[in-house]
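Enquirer: Here is my input; please provide its structure:
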Amino acid sequence: MIDHLEKLMLEHFSTIPFHNLSLLYGEPYDNKILGGTCSDKTLAFLSDARDSGVDAQLHTAYIGGKEIHRLIRVSINGRSFYADVGNGWPALRLFPEDEEIFFECFGMKYRTEIKHDWLYVFHEKQGRESLQMSIHRAPRPESEILNEIGSRFTSGIIYPFSNSLRFSLIVGDEFLFLRGAILERHSKLGFSLETVDEKDIPDVIQQEFGCDVSSYFNKVSKSHSI
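Expert: Presented below is the predicted three-dimensional model:
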């Protein structure tokens, strides 16, 4: 079951992008693409996991001391694991609740620490490690989490991506992350940065990620022309 879920995670990270287009520009009139922020991606994975017979529940995590991240808790043979498919970064392994782990992918490193009822996830890139999130093992009612998801953009919460474009996806042997006008390329062969012209961002997303996001930007252009 663990292998099945991690293959499903890889599939989601490769086909469903993390992005904040709807937050920044609003829903397009047509041609809305898959994915979104952590909540959108997590709900998509929850549906697929449950359809395959997995005991999966919504869970939350803390980033920067705030409970603003969503992920999935799964039960396998009496053990609990966390699937962080909603992340903008490719956490391709399940995080066990009862065992500290370490793994590498796309030139980045992940490790966990367990202290009392908390699981801490650390992420290292370009030799610099940071605490990515903190997970408290106590579950919360799914109805509460769903209500928070429904009001996530109207509740006044400021997210790390509230004011700047984010778009990330596994593409071939690379993990690509567009942050503002900077395109990051991560792979086991190395890391590179490329600055793109802001007016070319829709074309860059089309060419690099294979996603047509013109409807989001056309919506902006039309509103500016009124």
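
Enquirer: The most centrally placed residue in the chain: what's it in contact with?
Expert: With distances taken as CA atoms, centre = their mean, the chain has Asn87 as the residue nearest its mean C-alpha position (2.2 Å). Residues near Asn87 by CB atoms under 8 Å, 6 or more residues apart in numbering: 18, 38, 69, 71, 132. For the C-beta atoms, the positions are set from N, CA and C on the backbone; glycine is no exception.

Enquirer: can I get those residues in a markdown table with neighbour count, distance to Ser143 and pLDDT?
Expert: Listed next are those as a markdown table, based on neighbours: other CB atoms under 10 Å; distance: CB to CB, whole Å; pLDDT from 0 to 100:
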| residue | neighbour count | distance to Ser143 | pLDDT |
| --- | --- | --- | --- |
| Phe18 | 23 | 25 | 96 |
| Cys38 | 24 | 18 | 91 |
| His69 | 24 | 18 | 93 |
| Leu71 | 24 | 17 | 96 |
| Gln132 | 19 | 27 | 96 |
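
Enquirer: Sort out for me which of the residues you listed are in helices.
Expert: Cys38 (DSSP state H).

Enquirer: okay, the contacts of Asn87 in JSON lines with distance to Arg79 next?
Expert: Shown next, in JSON lines, are the contacts of Asn87 (distance: CB to CB, whole Å):
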{"residue": "Phe18", "distance to Arg79": "27"}
{"residue": "Cys38", "distance to Arg79": "23"}
{"residue": "His69", "distance to Arg79": "22"}
{"residue": "Leu71", "distance to Arg79": "16"}
{"residue": "Gln132", "distance to Arg79": "22"}
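
Enquirer: With respect to Asp117, which of the contacts of Asn87 is nearest?
Expert: Leu71 (16.1 Å; CB to CB).

Enquirer: how about the strands in this protein?
Expert: Assigned strands in the chain, in chain order: 18-19, 55-63, 66-76, 79-83, 95-96, 102-105, 108-115, 118-125, 128-136, 166-171, 174-179, 182-187, 190-195 (criterion: DSSP state E).
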